[in-house]
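>>> Test case, fold it:
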Amino acid sequence: MPGDIESILIAAIVSWVLFITIDILFGLPKHGGVSGAREIAAAIEKGGGEIHGGYMMGNIVCSPDASAGTLLAACGVYIAGIPGGLAAAVLVYIGNRICYDPGYAGTTGALAATFVIYGFTLLGFSAAHFIAGMVIAILTIQGISHLHASRLISHIWRWRL
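A predicted model of the protein is given here:
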C-alpha cells in the first residue's frame, strides 16, 4: 500500500481522468451548455487559450459537472460509503436542475466516482485521499493556468471518437 502522498497523487490522477473523460463524453468542450459558460470561454480564448477548453472550464464554473460530482461523491463516500456517494449524486442532480443544466455529466460523474472510490477503498485507499486528489485535479484545470489547461482540454477534445 502506498503512503499518503502517493495515494493522494494516484487518487488525483484517477479523479482527473474520470472527470475529464465524463465531461468530454458529455460534450462539454463542444459549446457552453449553461448560462455564463460561453462568456467564460470567450474570455479564455481572448487571453490566448482555446475556445473548446474554455467551454468546458465555463461549464465547470457555472454548473455541477463531473468534477463537482466526483468531489462530492468522494465526500459522500467518506461520510457514509456507497449510500453517501449516491446521496451526493442526488444533490448534484438537483444542482444541475437549479442551474438549468440540460446534461447529466455531474450526476454521472458522482455515480461513477462513488463506485470507483469505493473500489479503491477495498485496495487500501481512503475516500479522504480522493477528496484531496480531486481538489488537486480541479486545480490543474481551473487554478493553475487557464491558457494551458484550455489548450490541453482542446487537444484531448480533438481525440474524441
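>>> Only C-alpha atoms from now on, for both contacts and neighbour counts.
Fine.
>>> all helices for this protein, in order.
Secondary structure of the chain (DSSP state H): helices located at 4-25, 37-46, 51-62, 66-98, 105-121, 127-138, 146-159.
>>> between the ones you listed, which gets nearest to His31?
His31 sits nearest to helix 51-62 of all the helices of the chain, at 5.5 Å, using CA to CA.
>>> other SSEs contacting the closest one?
Applying 3 or more CA pairs under 8 Å, 6 or more residues apart in numbering; DSSP states H and E, one finds that helix 51-62 contacts helix 37-46, helix 146-159.
>>> Between helix 37-46 and that helix, find me the angle.
Here helix 51-62 runs at an angle of 130 degrees relative to helix 37-46 (axes from the mean of the first three to the mean of the last three CA atoms, to 10 degrees).
>>> Restricting to C-alpha, output helix 51-62 in PDB.
Extracted C-alpha coordinates of helix 51-62, given in PDB (Å, rounded to 0.1, in the frame of the first residue of the first chain):
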ATOM      1  CA  ILE A  51     -12.400  28.000 -27.100                       C
ATOM      2  CA  HIS A  52     -13.200  24.300 -26.600                       C
ATOM      3  CA  GLY A  53     -11.200  24.100 -23.400                       C
ATOM      4  CA  GLY A  54     -12.800  27.400 -22.300                       C
ATOM      5  CA  TYR A  55     -16.300  26.000 -22.900                       C
ATOM      6  CA  MET A  56     -15.500  23.100 -20.600                       C
ATOM      7  CA  MET A  57     -14.000  25.300 -18.000                       C
ATOM      8  CA  GLY A  58     -17.000  27.600 -18.200                       C
ATOM      9  CA  ASN A  59     -19.300  24.600 -17.700                       C
ATOM     10  CA  ILE A  60     -17.300  23.600 -14.700                       C
ATOM     11  CA  VAL A  61     -17.700  27.000 -13.100                       C
ATOM     12  CA  CYS A  62     -21.400  27.500 -13.900                       C
END
